[in-house]
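>>> heads up, no residue letters with this:
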């Protein structure tokens, strides 16, 4: 808290009462302590202080209170007089006028600092006189006085001016007394706020011993929600101070109560401090107790609570990070593998269908159990389902063309199977007499265009029947819905047609003679005689062994459920939509069908619900129901979440990151651009090249508000890339010179700063080909700040050339500098050359012999420049930099005499500034020459 000014400018009406007789009313500034000066009353300074400190005029007392610091300084040399002043201050604190007490309290922090500096002289003055005043004013009936004392107390604590003993013996007892259940409501609310702010300035033992239990009681205050709200807002500070043990023992239960409070503002405050509370608990409590609690806040009825919870979600997730992982890596062996019961539906279906086809028929030419081919098992068909025995090796239709045997063989094969009907589908359980062959009649009745559609569908027949089978199974739990019943009727008709076609193939003579060893000519002949309806001849499947069970298997009775009259079972244009609708309906009730997609989001570092909620922050619906900037909060915390999950779980965040990178709000993309280099550190070179580079490339072509985020950390990102990938961006560095607004000079300034660092990442040849021209352009920028930083870039480029022995490139670059700047028609360019020469010498970026041979003659030539500002910089460079180098101090240096003569000539220059810098001792501190540029 800053003290008021010690000069009084208004209120001249009462100057006589203050002993300001010697000052006229026209005086602009009046010294407050003027009342101490000797006057006509013949009183001593202490007597005059006593007179005005207890004057009947309120204004007099206010002025005395305002000038107490100067009064103490006046009497600090005499201990007795000083103590007398302090006694006067103590009596003034009992003034009945609130404005006087407020003025006095505003000066207490300044007085305390003064006493702290004079502690050897007055060791106990502050504790004895001022601390009791501050504490007493905490209970002052006037609101302004109380607020002033609270602010003064916080300043004293922040500055460490109150001793620990005073806090424990004087301050805390008053706060505890004000927070009792029977205390005044206004005092109680204010005392709770002070106590919560006081916690961060006290030690752990003090807080646990004096304040912890009272804080727990206040969290359960049932009368004043304001008290609970203050406690909730500062809950994290208490947890941080008292530590993990006390938090889990005393505070967690209270935190649960606050999170379920009836006042939404309290729940919102809990959501905001959730991360701090989580940091003060053990991993087990964090996972088992705090995570479900946070999920309840995310689904809170209040939009403001949900908004605060989502804003804190990423920070809460970051508390699950493993400190032992050095902040970057998580061991792969700690990941729990997917359980055997969680098997991809597609893979298990494929396994069962192929297995049933082979079990129920004699596959001629199929590999035996002991053959090498029998040992080949697809990876997606080898998992066990519960206690089910391992299935035989499936027969692939494209590898083995197998015709089913007679129904008796199929019957026997099915009977020998050890699997029960409850675990595995077997077509034998649903066997029925074959339907009559009407395929030829149907062929004659079909129009030509329908047969064309039919032939197109037949090429995808097996896959379509499998989809129909899945769709029908998924619709069974929803048969009470009329819409579902209609879809079942349509799908049943299509499935029936598919089975009918499969049976017609079996009756054809050509198909009955076919076997696994059929030649290509026989197959072509077969295709000419057969007109498939819904299945390809290569399927060769018996009706009893079809991939899809009959209609009765899925609980549909065809005689009762008639298909729509306008439905054509051979028109598959509406089939994909029906199947998709059925799958979507089933997926809503059975998420396991999406297992293969969901496994890409599974991990065991944090509770899965937290991750799911975090990934949902990119849902557009969240922006309407929670917060319009929820995507920005998601982008802001994404590096922390990625760090917590580790690079092995990056697949969980990849889609979300790509969604955020294409968000329509530029603020979201800007946030990602500023943190993409940190994410690259977390992911490593391989994942960065695969997943971040495309997004990085998109940011390079984005708005300037987004590009600046990439540019500020361009070096940090490029150094993480492989050399080949890094070299690709040399071509794009020039694009940073083009901005949406040419006045955006800070963009070019940032580019120059990054190029200074980037120089080390590329070879000297690449720098000469790509960065050299950018540096020259930046040195000619219209803004001086950009030019100054660009001179450093030139220095680093020259250093790169000469350190790598590329003297020819360095010489070419020096010649370009001379032609472009030393001979520039504008004086700003010539001045830039003087700056560059000075920077080159100061940084020792090239051998001084090379400098003296190639740059020094041009620099000396500028000493006769007609513009004084150019000569000023030449004088400064020669006198303070060049002549101070050991190379030019050497008596054998051929250029020493020339430089000294030039300096002497500049010392006699007609311009005063030129003479000053040419004569200035290099060891003396020089003034800033920025104004000369």
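All right, it came through fine. Since we're looking at a predicted model, the values are computed, not measured.

>>> confidence score at residue 546?
On the pLDDT scale, residue 546 is placed at 37.

>>> again but with residue 450, I slipped
At residue 450, pLDDT is 48.

>>> which residues in the stretch 1-150 of the chain form helices?
For the stretch 1-150 of the chain, the helices defined by DSSP state H, counting those that start in this stretch cover 45-53, 58-66, 68-74, 79-92, 98-117, 125, 131-137, 143-158.

>>> mind listing what's buried in the longest one?
In this case it means helix 98-117. 98-115 (16 or more other Cβ atoms under 10 Å). The way it works is simple: take the backbone N, C-alpha and C, and place the C-beta from them, glycine included.

>>> what does stretch 791-805 give?
Buried, per 16+ other Cβ under 10 Å, within stretch 791-805: 791-802.

>>> just give me the neighbour total for the closest residue to residue 174 other than its chain neighbours.
Distances taken as Cβ to Cβ, 6 or more residues apart in numbering place residue 135 nearest to residue 174, at 5.2 Å, with adjacent residues excluded. Residue crowding around residue 135 was assessed by other Cβ atoms under 10 Å; the count is 18.

>>> name all residues that make contact with residue 135.
170-171, 174 (Cβ atoms under 8 Å, 6 or more residues apart in numbering).

>>> now swap in residue 838 and tell me
When contacts are taken as Cβ under 8 Å, 6+ apart, residue 838 is in contact with 873, 876-877, 881.

>>> now secondary structure, neighbour count and pLDDT too, for those, in JSON lines please.
Listed next are the contacts of residue 838 as JSON lines, based on DSSP: H, G, I helix; E, B strand; the rest coil; neighbours: other Cβ atoms under 10 Å; pLDDT from 0 to 100:
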{"residue": "873", "secondary structure": "helix", "neighbour count": "26", "pLDDT": "93"}
{"residue": "876", "secondary structure": "helix", "neighbour count": "24", "pLDDT": "92"}
{"residue": "877", "secondary structure": "helix", "neighbour count": "25", "pLDDT": "92"}
{"residue": "881", "secondary structure": "coil", "neighbour count": "17", "pLDDT": "90"}
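
>>> can you pull out the strands in this protein?
Per DSSP state E, the chain carries strands over the ranges 7-8, 30-31.

>>> hey, least reliable of these by pLDDT?
Looking at the strands of the chain, the weakest mean confidence is strand 7-8, a mean of 36.

>>> quick one: the helices in the stretch 651-800 of the chain, in order.
Under DSSP H, counting those that start in this stretch, the stretch 651-800 of the chain gives helices at 651-661, 666-687, 693-700, 704-712, 714-718, 723-728, 745-758, 764-766, 772-779, 784-803.

>>> now the angle from the fourth one to helix 693-700?
Using axes from the mean of the first three to the mean of the last three Cα atoms, to 10 degrees, the interaxial angle of helix 704-712 with respect to helix 693-700 works out to 120 degrees.

>>> show the average pLDDT along helix 704-712.
Here the average pLDDT along helix 704-712 is 95.

>>> ok, stretch 680-691 next?
93.

>>> what residues sit buried inside it?
So for stretch 680-691, counting by 16+ other Cβ under 10 Å, buried means 680-683, 687-689, 691.

>>> stretch 180-193: which residues count as buried?
187-193.

>>> can you check stretch 716-726 too?
Buried, per 16+ other Cβ under 10 Å, within stretch 716-726: 717-718, 720-721, 726.

>>> follow-up on the earlier one: any chance of a markdown table for the helices of the stretch 1-150 of the chain, columns distance to residue 895 and mean pLDDT?
Formatted as a markdown table, the helices of the stretch 1-150 of the chain follow (distance: least, Cβ to Cβ, whole Å; pLDDT from 0 to 100):
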| stretch | distance to residue 895 | mean pLDDT |
| --- | --- | --- |
| helix 45-53 | 71 | 76 |
| helix 58-66 | 68 | 82 |
| helix 68-74 | 61 | 80 |
| helix 79-92 | 68 | 82 |
| helix 98-117 | 57 | 86 |
| helix 125 | 69 | 78 |
| helix 131-137 | 71 | 89 |
| helix 143-158 | 60 | 88 |
